[in-house]
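> sequence first, then the predicted structure:
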Amino acid sequence: MNQETQEIAEPGTRPEPSGEVRTFTMLLSSTPRGARLARLLAVDTLRSWGLPEERAGHVVAELAANAATHGRVPGRGFRLTLYVVGSTLRVEVTDTRGDRSPVLREPGAGAESGRGLLLVDALADRWGVGEGRFPRKTVWAEIDLSPPERDSSRSGDLGG
């Protein structure tokens, strides 16, 4: 059975360092369909929270695809969890193949796969793997949500 926990903020609000925590978690099937659904749910949740979703959507897609492909155990799903604490989004994907840790490596020139963790490494500010209660493992990634510095040379003054 799928389980969901979600706390929704007002649209257009940004996380503040006040200690507010937002969470979303869902158990999904370890299938390509479950991996696609993980991305769609993450993007929809982040939009409802008024947060940027493009980078996180790609990170979720890669981690969920890895869980469905490499972390699959027949009859067991994977869990997607999103946390926003202060100005950091943490994405966690937990599967039941604790015996298989992901490895960041350069794929061969002709390889048709093997670039997922390279994308996660490029898009996330931090990522890693945590061991859970056997046989679980959690692959996590964090994205800083701090707004970009304003460019003072583009203040809207047309100069005249």
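Okay, I see it. Predicted model only: the values in this text are computed from it and were never measured.
> what number of residues are in the vicinity of the closest residue to residue 125 other than its chain neighbours?
What sits nearest to residue 125 in space, not counting adjacent residues and going by CB to CB, 6 or more residues apart in numbering, is residue 144, at 4.9 Å. Placement of C-beta: from N, CA and C, glycine included. As a burial measure, residue 144 scores 11 neighbours (other CB atoms under 10 Å).
> show me the beta-bridge partners of residue 144.
For residue 144, the beta-bridge partners under DSSP bridges are residue 88.
> wait, doesn't it sit right on residue 90?
No: assessed by CB atoms under 8 Å, residue 144 is found out of contact with residue 90, at 10.6 Å.
> mind listing what's buried in stretch 115-124?
Of the residues in stretch 115-124, those scored as buried under the neighbour-count criterion (16 or more other CB atoms under 10 Å) are 116-117, 120, 123-124.
> with secondary structure added, can I get the residues you listed in CSV?
Below are those laid out as CSV (DSSP: H, G, I helix; E, B strand; the rest coil):
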residue, secondary structure
116, helix
117, helix
120, helix
123, helix
124, coil
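> ok, and the helix or strand in this protein with the lowest average confidence?
Between all helices and strands in the chain, the lowest mean by mean pLDDT, DSSP states H and E belongs to strand 4-6, at a mean of 44.
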